[in-house]
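Q: the following block contains a protein sequence and its predicted model.
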Amino acid sequence: EPEVTQTPSHQVTQMGQEVILRCVPISNHLYFYWYRQILGQKVEFLVSFYNNEISEKSEIFDDQFSVERPDGSNFTLKIRSTKLEDSAMYFCASRGLAGREQYFGPGTRLTVT
Amino acid sequence: KNQVEQSPQSLIILEGKNCTLQCNYTVSPFSNLRWYKQDTGRGPVSLTIMTFSENTKSNGRYTATLDADTKQSSLHITASQLSDSASYICVIGGSTLGRLYFGRGTQLTVWP
């Protein structure tokens, strides 16, 4: 069964460094999402992406964040200058054109020290 | 403000017993309501998706209800199994673009 994959599973970085989180959505999906979950808190929407552009973003998704689909398979989230409060689990999700279902990846745990 | 509230925060039941989890929401616009299961350290997995016109939806031992007038939903789990131990999250789809609003979840523990 197709699934969303994410790499790395765990990323440790120092405050102020740039990180890129990678996702491979399900191959025929067209809508892509990033969410984050700070430890012990609820999952929060960051951004949605369709047709090579951002379709919606939350207040969390400020100028430090960017997304890109550099090729036909990868979907990335870049954090330019990480802060301690960026430490969280980051989930990628994808959705097909016809369905409502979003399929989530296993997540990348980002730890900023 | 768009909110999704769940109760109880945590629940412990014995294997084989039934339980019901509650969700109240104030998200607008409302597109759909979902229940997800999330194991610790894993991504959420969808159990059911309901639109405002659906009152009940089942997926095996999981049955979700929706009252769009009162903005309440429940998830009923029958004949619980040890593998049901997880966080159950009520999620609202707020627009056709797909943005999701998550509740904090109910942490369910099933004891043998």
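A: Received, thanks.
Q: ok, now which ones touch the closest residue to chain A within chain B?
A: Closest approach between chain B and chain A, counting by C-beta to the nearest C-beta: residue B:43, at 3.5 Å. (C-beta placed from N, C-alpha, C; glycine too.) Residue B:43 makes contacts with A:4, A:91, A:93, A:104-107, as judged by C-beta atoms under 8 Å, 6 or more residues apart in numbering or on different chains.
Q: same thing but 6 Å
A: A:91, A:104-107 (C-beta atoms under 6 Å, 6 or more residues apart in numbering or on different chains).
Q: mind listing what's buried along stretch A:3-16?
A: By 16 or more other C-beta atoms under 10 Å in any protein chain shown, the buried positions in stretch A:3-16 come out as A:4, A:6, A:11, A:13.
Q: ok now that stretch, how far from the chain's centre?
A: 10 Å (C-alpha atoms, centre = their mean, to the nearest Å).
Q: ditto for stretch B:3-14
A: The mean C-alpha position of stretch B:3-14 is separated from the chain mean by 10 Å, C-alpha atoms, centre = their mean.
Q: equivalent analysis for stretch B:38-49, please.
A: Using C-alpha atoms, centre = their mean, the offset of stretch B:38-49 from its chain centre is 10 Å.
Q: pLDDT (mean, whole number) over it?
A: In this model, stretch B:38-49 carries a mean pLDDT of 91.
Q: mind listing what's buried in it?
A: Of the residues in stretch B:38-49, those buried (16+ other C-beta under 10 Å) are B:38, B:42-44, B:46-49.
Q: circling back: against residue B:2, how distant is the residue of chain B closest to chain A?
A: 22 Å (C-beta to C-beta, to the nearest Å).
Q: low-confidence ranges, the chain, go.
A: If you meant another chain, say so; for now it's chain A. The model of chain A has no residue with pLDDT under 70.
Q: ah, no, chain B please
A: In chain B, residues with pLDDT under 70: B:96-97.
Q: again, only this time at 50
A: Within chain B, no stretch falls below the threshold (pLDDT under 50).
Q: for residue 64, what are its contacts?
A: Let's take chain A. A:79-80.
Q: not quite, go with chain B.
A: B:35, B:48, B:57, B:75.
Q: helices and strands around the helix or strand hosting the third one, which ones?
A: Remark: residue B:57 resides in strand B:56-59, with elements defined by DSSP states H and E. Packing partners of strand B:56-59 (3 or more C-beta pairs under 6 Å, 6 or more residues apart in numbering or on different chains; DSSP states H and E): strand B:45-50.
Q: what's the most distant pair in the buried residues of stretch B:38-49?
A: B:42 and B:49 (19.3 Å; C-beta to C-beta).
Q: closest one of the contacts of residue B:43 to residue B:17?
A: Scanning those for proximity to residue B:17, where the rule is C-beta to C-beta, the winner is residue A:104, at 28.5 Å.
Q: tell me the contacts of the closest one?
A: A:91, A:93, B:43-44.
Q: now do 7 Å
A: A:4, A:91, A:93, B:43-44 (C-beta atoms under 7 Å, 6 or more residues apart in numbering or on different chains).
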